[in-house]
Structures are given as C-alpha cells and as structure tokens.
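# Prediction below, plus the sequence it came from.
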Amino acid sequence: MDLTFNKNEDAMKLAYSHVRHRLETIYEGGGKKAIQKQKERNKLTPRERINYLCDKGKPFVEIGAFAGYEMYEEQGGCPAGGTVSGVGYVSGRQCIIVANDQTVKAGAWFPITGKKNLRMQEIAMENRLPVIYLVDSAGVYLPMQEDIFPDKEHFGRIFRNNAKMSAMGITQIAAVMGACVAGGAYLPIMSDETLMVEGNGSIYLAGPYLVKAAIGEEVDNETLGGAVTHTEISGIADYKFKTEQECLDHIKKIISKLSKEDNAGFDKIAAVAPKNEAAAIYGIMSEGNTKPYDMVKLIECIADADSFDQFKEDYGKTIICGYGRIEGWAVGIVANQRLIVKNKKGEMQLGGVIYNDSADKAARFIMNCNQKKIPLVFLQDVTGFMVGSRSEHSGIIKDGAKMVNAVANSVVPKITIIVGNSFGAGNYAMCGKAYDPRFIYAWPTAKIAVMGGEQAAKTLLQIQVASLKAKGKTILPKDEEALLNEITQRYQQQTTAYYAAARLWVDAIIDPVETRMMIAEGIAAANHNKHIEEFKTGVLQV
C-alpha cells in the first residue's frame, strides 16, 4: 500500500474514532447516577433490554443514536432523543424495537423524541416489520409541550400510526416496564398485546398527584395503574411478570409464533466476498475529501466480487450506474464519480458534478431498475448540477428534472449512503431524505448543505456587507475577514454529519466498513413488504 492510501486510511479511522467517542457518551443516557437508580429498582437500561431481547450473533442496526445531539443544551440535553431504537432480530424475525430511556428526564418526550418515534413507525410501515415497544416514559416534556403536542408530525401522530399499522396487519407488542402516563398510555393499549412488569410498570391517564389535585382521591401507584390492576381488574393488560427478563422472554415467544407471509421476491443468491477487503474502503477518500478518487474502487469494497456490471459505462461518466449484488442481493447502484473524466466529445468534466448526460443516463437506469423490481442503492458524493450558460443552453434543468422525477416516483426500495458531499439539488437527485429512502446513512465525512462551505460563506458575506454598507457603516478589509471566518465556521458546523444525524436527516453515522452490512440489512427489511406499487413517472420533458 502506498503512502497516500495510508494517510487516507489514518484520516478516515480518526474521523470514525471521533464518532465512537461521542457514541460512548450518548450510550450513558442520563448518566451513571441515573443508571444506578434504575439498578436499585431492579430495572435494566434500554440498551440492556434490547441486548437481552435480540438474537445473539445477529446485527442490531441502531437508528437515531445521534438524535438530539448538541440540541436542548438549556434543558440539560437529550441523549439519543431519550429513546433507543433500531432494527434487530427477535426469534429469527427482523423487528423494529423502540425503547424509552428512563434515565433521560424520566423518559420524557422532547420534540426530537417524537420525530424519532415517527421515523421508526415509518420504517415499520414501509417494510411491514413487527414493532416492539419497551415503554418507560413520563410522557411529554411539559416545558416544550407546544413543540411536541398538537401538530401533524407531533406526539399524537404516533397513536394514529398505531391504529394504521394495526389495520395493515403489522404486529405491535408493548412491554410496560416503567411509567406510561397521560396520552402515552394509549400506545400500549393500541398495540396488539400488552405486557407489564409488576412493581415498576404502570399505566394511567393521570398519576396519583394529579388525581389528588383533580378529584381529591388519594391512591397509590400500584392500585391506580399497576400490573395487578390492569391484568385482574381493568383487563387493559394481557400479561404480568415478576421480572423484566421474564417479560422479554415472553415477547420472544410471541414473535416466534408469527406467521411468515410472502415477501417482495427481491433476488438473492449465495453471497460472495467483495473483490477488495472491507478495510480497503478506509484508504480511498482523502482527508477533507479534497482530492478526486475512483468511486468504482469504493463499490468494489461493497459489492460481491465480479458482480458489478456498469450501465452505459462510456456515457455520462460523472455518474456511475450498474447492476450488482451486495451480500447476494441483486441491486442497482447509482454513484457519483469523483474522478475528473472526459465526456464523449473529449471534454473534461469535474468529478462529483452532475452533467446533462449523467442525469439522462441515471434517469434511464433508475427506470430500468423499477421495471425489473431491483432495489436501488445511492452512493452520494455530489457537489450539485453543472452551472453556466453552456449547461443552461443544453437543458441541464430539464435533464435534472428527469432524474429527480425518476427518483421521486421509484417504487422499489431505495437505500442512500452519503459518503462525502451532498450539496444542493444533487442531494435530491441522489435520493436525499426528502425522497423517501427506506434507510439513509452517512459516513463521518458526509457534508449536507445547499452549497459548498466556501461558496456559501462568500455569498453570505456579500449579502451582510451590502446590508451594513446600506446602513452607512464602513467595512474595513479586516472586518470582512473576521465576518467571513465567523460565517464559515457557523456554516461548516451546520453541514457536518453530526448536525444532520442530530436532526434525523440521516438515520445513523456509520463506520465505512459496515456499509455493505447496512445495505444488506436494509434490503432484507424491505423484502418483507410484498406490496410494490405500479411504476409511473408522470409528465416530464424528454
């Protein structure tokens, strides 16, 4: 291996080590003291519950670990959005698992908590996966109730989804292992089956203090809404257990008896290891993603060996399209090529930029994959569409719209990996969050923004300087430089993978060597939904 590879490898490993370091803090939830309080009440942490529940030796893909990262600082933070969630295997079946973290503000719901829970329900509905709720929450975080309670994508939407999923035949199981208060009390009761842990689990619309204040009745927690009350008197719950482990064991039994429905039929054969070892993926991209690299080499670290066949290889070279296999699953791959290449006229084209011919090729390929019912994988490292009079006269908007149309109307599952830049309309054309990828992940090197940092900072500087001058202020060169540095720093912070993951623009920041596994698990999940709509593209310019 050459020196360049080693330098790239060191930079990428360092970038992911920063991710791991941050995750270690996030995994502590509300902190060691809060965890100790859980232990004193014979309660497991949410991650311990999930670890006990899931099949050993099978992957658990955590979704939204960075949700709320560096948000809500004035409220003391909300690690992982106060909820641990993901896709894991229980009794051999892929399931969605959502576990409240009682160590974080008593499991209270922040705005990002609601968004995260809705994302998990969306994944369940899109892929027809059973849902397991491990409930331990004090309900809405009251100081921020206006941002979580009344709107369409707020807390109440979760119960609406409970009802919709039930109508779709999606199994939902709720295990009440702690508090389940107020509006949150509807979630377990709207699930198919409700399990409770004696002594800790409780369900009620109003707790003892509120009951006393409202009607003057004095009642203890267990009498009001404990496991015995709801399994022997109200009939609300279906099972009660002495310990959390017994409760989780029963969930495994329920899942093991679920019927196996027909799947989508996505093609899968025996997996073959990639041409290049997984670790080789670390050495492809330069530090800061400042130098061109061959995206084909990256694909060769992900796809099964000798399975990748390029579509229109010598046309539209700044986007790579091709059929391949990942862990045996047939896929269509759409990837931005970062090399500086020549087009069919012998003209040089910048890597990472989408040109007319690239957009045209990609649109056609995406439609082909929909015709063949082959899942799509997007590997994003895009700086946007080509600008300038020549591109405009050639109809770049028309060709870009054609590609966006094909992505928007795709009916096959789409999985997006943002490996580098994701700028402007390139984000849309390459299946960004707004275009409903089944799963969307980011490498630590990902940057998501309307345009590159340097261009954006200079544009914003011009606007601010013009505004200050219009007010009669004198702007010296040193003032401009200081302002530019401030704008650049702020803009760069808002483009990082951490910023995106905190707001759930991506599902997770992943280790690059796990890219192949994440894609394969995503397709396995998508294969559970046999309902694929008819592919229609509507009206577009040709």
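Received, thanks.
# show me what contacts residue 308?
296, 299, 300, 322, 323, 324, 333 (CB atoms under 8 Å, 6 or more residues apart in numbering). Backbone N, C-alpha and C define where each C-beta goes, glycine included.
# Could you find the closest non-adjacent residue to it?
Nearest residue to residue 308 in three dimensions, chain neighbours excluded: residue 324, at 3.8 Å (CB to CB, 6 or more residues apart in numbering).
# Just give me the neighbour total for residue 132.
27 (other CB atoms under 10 Å).
# Number the residues from 9 up from this point.
Sure, I'll start counting at 9 from here, so that last one is residue 140.
# Can you tell me the closest non-neighbouring residue to residue 306?
Leaving out its chain neighbours, the residue that sits closest to residue 306 by CB to CB, 6+ apart is residue 292, at 5.3 Å.
# Distance check, the one you found against residue 436.
Taking CB to CB, to the nearest Å as the measure, residue 292 falls 25 Å from residue 436.
# Repeat that for residue 15.
As defined by CB to CB, residue 15 lies at a distance of 33 Å from residue 436.
# So residue 90 is in contact with residue 72, correct?
No: using CB atoms under 8 Å, residue 90 makes no contact with residue 72, being 10.6 Å away.
# More neighbours: those two, which one.
The residue with more neighbours, out of residue 90 and residue 72, is residue 90; 31 against 27, by other CB under 10 Å.
# I'd like to know how many residues surround the residue nearest to the more buried one when sequence neighbours are not counted.
Once flanking residues are discounted, residue 90 sits nearest to residue 112: 4.1 Å by CB to CB, 6+ apart. When counting by other CB under 10 Å, one arrives at 28 neighbours for residue 112.
# same thing with the one 10 residues further on?
By the other CB under 10 Å criterion, the neighbourhood of residue 122 contains 24 residues.
# other SSEs contacting the helix or strand containing it?
Per DSSP states H and E: residue 122 is located in helix 119-135. For helix 119-135, the elements it packs on are strand 91-98, strand 101-108, strand 139-145, helix 164-176, helix 523-534, judged by 3 or more CB pairs under 8 Å, 6 or more residues apart in numbering; DSSP states H and E.
# Report the inter-axis angle for the third one versus strand 101-108.
The reference is to strand 139-145. 10 degrees (axes from the mean of the first three to the mean of the last three CA atoms, to 10 degrees).
# And for the first one?
Relative orientation of strand 91-98 and strand 101-108, computed by the same axes, to 10 degrees: 160 degrees.
# which outside residues touch the helix or strand containing residue 508?
In this structure, residue 508 sits in helix 505-510 according to DSSP H and E. Residues from elsewhere that reach helix 505-510, judged by CB under 8 Å, 6+ apart: 27, 30, 72-79, 120, 426, 450-456, 501, 514, 516-517.
# Restricted to helices, list those residues.
Here DSSP state H is the test, and the contacts of helix 505-510 give 27, 30, 120, 501 as lying in helices.
# Tell me the buried residues within those residues.
27, 30, 120 (16 or more other CB atoms under 10 Å).
# and of the helices and strands packed on helix 119-135, who's closest to residue 323?
helix 523-534 (25.8 Å; CB to CB).
# and the closest one, what does it pack onto?
Applying 3+ CB pairs under 8 Å, 6+ apart, one finds that helix 523-534 contacts helix 119-135, strand 327-334, strand 337-344, strand 422-431, strand 447-450.
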